[in-house]
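Participant: got a sequence here, can you model it:
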Amino acid sequence: MRSEALIWAAVAAIMGFLFIPIVIIIAYAFSAAPIPSWPITSFALHWFSDTWNDDEIRQALALSVEVAALATISAILLGTLAAMAVARMKSAAKEVVSFIAVLPIALPGILTGMALASYFAFWGLNLSYWTIVAGHATFCIVIVYNNVIARLRRMPRSLTEASADLGADAFLTFRRVQLPMMASAIGAGALLAFALSFDEVIVTTFTAGAQNTLPLWIFGAIRLGQKLPEVNVVVFAIILFTAVPVLLAQKLIGESGRVAR
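Facilitator: Presented below is the predicted three-dimensional model:
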C-alpha cells in the first residue's frame, strides 16, 4: 500500500508540474484585469468577443489552419510512401534511411528553420505562404512516417503474400489489404501532425516572411506587451484546438494496436 501511495504521489507531482501552468493561463483568459496578475480578483467574458472581433487575430488563425491542413496533406502522402518504401527494403541501408527519415523531428526547430531559410535564399525563393507550408511539412512527414512504419512492421507479410497468390496486383493489394490496416495509423499520424503544425512557431519564424500565423502573433504581442488579455484567450483557444486532435490520435493509436493483435 505504501509503494502504491508513493507511485500515485509521484504521478500527481508530475501531472501538477505539467498542467498547473496551463490551468493558470486558462484562468487568466477569464480575468477582468487588463494586465494578468495573481490572485484573480474579478472575472469577465468580454475578452473573448474582443479577441474574435480582432481582424489581425482572425487572419492569423485562418493562416495557421490553412498551413497546418496543407502540411498535413503533404505529410500523409509523403510520409506514407516513405514508410512503405522503407518497409520493403531488405538491404543494410534500411536502418540508415530510416534514421535520415526521422532526423528532422530530432533536430532543434531553430536549426531546421535556419537551414530552410538558407535553402530558400540559395535558390532565390522569397519567403511566402508556400515556404511556411514546406517548412511545416518537413517535420509533419516524420510524424506520419513513424506511425505508419510502426504499423507496417506489425503487419503480417502473409496477408500481402496471400493477396498476391490470389492474383491481385500491387495496387489492388494496397487498396484492399494494406490501406485498411494502415488507415488508423495514418489517421493518428495526420492528427498529431496537424496539432504540431498548428502551434509551431520556430520554423514559422524563419519561413514566414511577412506572413503572420497565430503563434507569431502571440510572440509579437507578448514581446511588445500589448493585448495581453487577448493573448490569454488565444492561448486558451490553441490549447483546446490542439488537445482535440491529440485525443483523437490517442484513440486511433489504441484501435491500431487492437487491429495488430
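Participant: low-confidence regions, the stretch 101-250 of the chain specifically.
Facilitator: 210 (pLDDT under 70).
Participant: strands of that one, residue ranges please.
Facilitator: Here the stretch 101-250 of the chain has no strands by DSSP state E, counting those that start in this stretch.
Participant: show me the helices in it, by range?
Facilitator: With DSSP state H, counting those that start in this stretch as the criterion, the stretch 101-250 of the chain has helices at 109-122, 129-154, 157-165, 170-173, 179-198, 202-207, 214-224, 228-260.
Participant: tell me the centre residue of this structure?
Facilitator: residue 196 (1.9 Å; CA atoms, centre = their mean).
Participant: ok, that residue to residue 129 distance?
Facilitator: According to CB to CB, to the nearest Å, residue 196 and residue 129 sit 19 Å apart. Backbone N, C-alpha and C define where each C-beta goes, glycine included.
Participant: try residue 89
Facilitator: On the measure of CB to CB, residue 89 and residue 129 end up 35 Å apart.
Participant: the two: which is more packed in?
Facilitator: Ranked by neighbour count (other CB atoms under 10 Å), residue 89 and residue 129 place residue 129 first, with 16 against 13.
Participant: just checking, the more buried one touches residue 213?
Facilitator: No - taking contacts as CB atoms under 8 Å, residue 129 lies outside contact range of residue 213: 10.3 Å.
Participant: shared neighbours of those two, which are they?
Facilitator: 63, 67 (CB atoms under 8 Å, 6 or more residues apart in numbering).
Participant: buried set for stretch 91-105?
Facilitator: 98, 101, 104, 105 (16 or more other CB atoms under 10 Å).
Participant: ok, for the last one, nearest residue in space, not its chain neighbours?
Facilitator: This points to residue 105. residue 142 (4.0 Å; CB to CB, 6 or more residues apart in numbering).
Participant: what sits against that neighbour?
Facilitator: 79, 101, 102, 104, 105.
Participant: with residue 116 instead?
Facilitator: 131, 134, 135, 138, 203, 206, 207.
Participant: among these, who's most crowded?
Facilitator: residue 135 (30 neighbours).
Participant: ok, it touching residue 201?
Facilitator: No - the criterion here is CB under 8 Å, and residue 135 misses it with residue 201 at 11.4 Å.
Participant: residues touching the closest residue to residue 216 other than its chain neighbours, list them.
Facilitator: With CB to CB, 6+ apart as the criterion, residue 216 has its nearest non-adjacent residue at 5.8 Å, and that residue is residue 204. When contacts are counted by CB under 8 Å, 6+ apart, residue 204 touches 67, 113, 132, 135, 136, 213, 215, 216.
Participant: ok, so what distance separates residue 204 from residue 31?
Facilitator: From residue 204 to residue 31 the distance is 28 Å (CB to CB).
Participant: for the residue nearest to residue 159 when sequence neighbours are not counted, give me its contacts.
Facilitator: In space, and not counting its chain neighbours, residue 159 is closest to residue 177: 5.4 Å by CB to CB, 6+ apart. Contacts were defined as CB under 8 Å, 6+ apart; by that measure residue 177 touches 159, 160, 163, 168.
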